[in-house]
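In: give me coordinates for this.
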Amino acid sequence: MLIHDELILGIDEAGRGPILGPMVMAAVALRPRQAAGLTRAGVADSKRFSGDGAHSARSRLAHRIFASADFVATVVVDVESIDEACREGGLNRLEQRHAAALIARAPHCRRIVCDGERLFAPLRAHHPQLEALNHGEAAHAAVAAASIVAKVRRDELWQKISRRYAADFGALCERGGGYVNVATKTFLRAYIATHGALPPEARRSWPWDFARDLLSPGFDPYRDVPASAQLSLLG
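Out: Residues are numbered from 1 along each chain as shown. Okay, here's the model as predicted:
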C-alpha cells in the first residue's frame, strides 16, 4: 500500500502514572505545513502547560489540532485493562498493542514518531519507518499534538471522576489529579476510612502501602470491588 509522502504520525499518552483513573493514548497525523502552523500556535509537550489555565489552553489547542490534522484518534485504557496487564507482566505490552492499533487505523505515513525509546522500539519490527524517541514531543509537532489531545481527553475523564466524589470529599479528589501525591493520598485515605475499600477507579496493581494501616491484614485490592461498581467507571 502506498505510503503518503508527507504525513508524519505522532503517538503519545497521558495518565500512565496515576493511581486513579484511566490512561489515554492518542495519534495525530500532520503534513509539514500543518505541523508548522500548530507549532506557531503554541502546540508543545502537554507537560509544559501549568497553572489554573492549563486545561483551557490545552483544550483550545486541541480544537486547532482536530481542525488541522489529517487524522486524530484516541483510545481510553481503563483501570481494569491496566491492572490485568500489570498482573500479566507489565504495562509496556499493553501500550504497544494500543499503539499498533492506532497505527493500523491511521493513514499510511512516511514517518511514525512515538514518545518512548524503550517502550515503542519493538514496533519497528512491523513498521520500519517508526522512530521510538525519548522526549518525542521535541522531535515533531505530531507527537506534541498527540500529547495535548491525550491529556485533554484524560483531564475530561478525570473531571467526571472528581465530580463523583465532590459531595462527600470536597475538592480532595480533584486536586491530586489521580497521581500519587499528598492530595490524592489524603483523598484515598478518607475514602478508605469511610467505605473500607478502594474506589472503583483505583488501579489495584499500584502500591497501597500508604493506606495499609486502614486496610485489613488480609486485604486483597482485586477483590473489594462491589458488584454495583462493575459498570462503566467513566460514565
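
In: can you list the domains in this protein?
Out: 4-157, 165-229 (automatic domain parsing).

In: so where's this structure shaky on pLDDT?
Out: For the chain, the stretches with pLDDT under 70 are 1-4, 224-235.

In: helices of the protein, start to end?
Out: In the chain, the helices defined using DSSP state H lie at 32-41, 54-68, 79-87, 92-105, 117-120, 141-169, 172-176, 182-195.

In: of those, which is nearest residue 12?
Out: Smallest distance to residue 12 across these (C-beta to C-beta): 4.1 Å, for helix 141-169. Placement of C-beta: from N, CA and C, glycine included.

In: what about that closest one, distance to the chain center?
Out: 8 Å (C-alpha atoms, centre = their mean, to the nearest Å).

In: that helix packs against which elements?
Out: Helix 141-169 is packed against strand 4-14, strand 23-30, helix 32-41, helix 54-68, strand 71-77, strand 109-115, helix 172-176, helix 182-195, with contacts defined by 3 or more C-beta pairs under 8 Å, 6 or more residues apart in numbering; DSSP states H and E.

In: how much space between residue 49 and residue 56?
Out: Plainly put, residue 49 is 9 Å away from residue 56 if you go by C-beta to C-beta, to the nearest Å.

In: pretty sure residue 16 sits against residue 23.
Out: Yes. Under the criterion of C-beta atoms under 8 Å, residue 16 makes contact with residue 23 at 5.5 Å.

In: the two: which is more packed in?
Out: residue 23 (25 against 16; other C-beta atoms under 10 Å).

In: residues contacting that one?
Out: Each residue near residue 23 by C-beta atoms under 8 Å, 6 or more residues apart in numbering is listed here: 13-16, 76-77, 82, 154.

In: give me the number of residues near residue 113?
Out: A count of nearby residues for residue 113, using other C-beta under 10 Å, gives 24.

In: how close does it sit to residue 35?
Out: 11 Å.

In: out of the domains of the chain, which is the most enclosed?
Out: Of all the domains of the chain, domain 4-157 has the most neighbours on average by mean count of other C-beta atoms under 10 Å, namely a mean of 19.

In: hang on, the earlier thing: what sits in contact with each of residue 113 and residue 35?
Out: The contact sets of residue 113 and residue 35 overlap at 8, 140, 142 (C-beta under 8 Å, 6+ apart).

In: from residue 164, how far out is the nearest residue to residue 188 once chain neighbours are set aside?
Out: Distance criterion C-beta to C-beta, 6 or more residues apart in numbering; nearest residue to residue 188, sequence neighbours excluded, is residue 211 at 5.9 Å. Using C-beta to C-beta, residue 211 is found at 19 Å from residue 164.

In: related to what we said a few turns ago, residue contacts, the residue nearest to residue 188?
Out: 185, 188-189, 192.

In: will you turn these into TSV that also has distance to residue 103?
Out: Formatted as TSV, those follow (distance: C-beta to C-beta, whole Å):
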residue	distance to residue 103
185	37
188	36
189	41
192	40
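
In: out of the residues you listed, which is nearest to residue 205?
Out: residue 188 (15.0 Å).

In: list the contacts for the closest one?
Out: So residue 188 contacts 19-20, 198-199, 202, 210-211 (C-beta under 8 Å, 6+ apart).

In: before we move on, what about residue 126?
Out: Listed by C-beta under 8 Å, 6+ apart, the contact partners of residue 126 are residue 100.

In: switch the cut-off to 6 Å
Out: Going by C-beta atoms under 6 Å, 6 or more residues apart in numbering, residue 126 touches no other residue.

In: do the one 4 residues further on as well
Out: Remark: with contacts taken as C-beta under 6 Å, 6+ apart, residue 130 is in contact with 112, 123-124.
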